[in-house]
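**Q** I'd like to go over a predicted model; first the sequence, then the structure.
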Amino acid sequence: SFKALDGVIDCLDEDGQKHSLTNTCAELDRTVPSLLGVSKVILENVIFCHQEESSWPLSDPKTLKSKFDEIFASARYTKALGEVKKERQALEKQTAQFAGEVQALREVQATAREHEASAVEAEASSRECEVHIAECEEQLEKVRRELAEWDAKQKHSEAMRKQMSRYRLQCDEL
């Protein structure tokens, strides 16, 4: 049969009360670093480093770099930096696209303002024309009345001529 190793961690909480945590060894490897507030890599390579391996800071550059990469999680940092660069490029592309859209909308807005100003000007011109038409209609009505008066006078004059012609004829006959 297979036996699992268990371990017990005694710790004090903020109130000073003692708590015991019973875990398997695999869980202890995750629990201890979180309780101490440091990463597992720092515990293994700095704090609980074996005496024979304690001279790693003086080792060859390649080994030293790999240890520092482990301690400072540079692979995660490099990956995160790559993601940030990709996101930045995407945002710059989106910004350029939005800038183009904003420029197009500004042009549409300027055109709309020009059309609005043109419409206001046309409306004012239309009102002036309506006033002018009303004035012309008044003058036309006045001219029509005068023409009607002249027509009436002409008809009266024509009637008078005819009557005069009849009187002349009568006078001539007499």
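**A** Received it, and whenever you're ready, just let me know what you need. These figures come from a predicted structure and were not determined experimentally.

**Q** And the top helix by length along the chain, how far out from the chain middle?
**A** For the chain, the helix that runs over the most residues, judged by DSSP state H, is helix 74-173. Centroid separation between helix 74-173 and its chain, computed with Cα atoms, centre = their mean, to the nearest Å, is 35 Å.

**Q** Remind me what that helix packs against, helices and strands.
**A** Counting contacts by 3 or more Cβ pairs under 8 Å, 6 or more residues apart in numbering; DSSP states H and E, there are no secondary-structure elements packed against helix 74-173. From N, CA and C alone the C-beta is placed, and that goes for glycine too.

**Q** how many other residues sit next to K67?
**A** 17 (other Cβ atoms under 10 Å).

**Q** Give me the pLDDT value at the closest residue to it other than its chain neighbours.
**A** Sequence neighbours aside, W56 is the residue nearest to K67 in space, at 5.5 Å (criterion: Cβ to Cβ, 6 or more residues apart in numbering). For W56, the model assigns a pLDDT of 70.

**Q** W56 contacts K62, correct?
**A** No - using Cβ atoms under 8 Å, W56 makes no contact with K62, being 11.8 Å away.

**Q** With neighbour numbers in mind, choose between those two.
**A** Neighbours per residue, other Cβ under 10 Å: of W56 and K62, the larger number sits with W56, 15 against 8.

**Q** what about the more buried one, distance to K65?
**A** According to Cβ to Cβ, to the nearest Å, W56 stands 11 Å off from K65.

**Q** which residues sit in contact with V8?
**A** Residues in contact with V8 (Cβ atoms under 8 Å, 6 or more residues apart in numbering) are 20-23.

**Q** again, only using 7 Å
**A** The contact partners of V8, taken as Cβ atoms under 7 Å, 6 or more residues apart in numbering, are 20-22.

**Q** Good, we can wrap up now.
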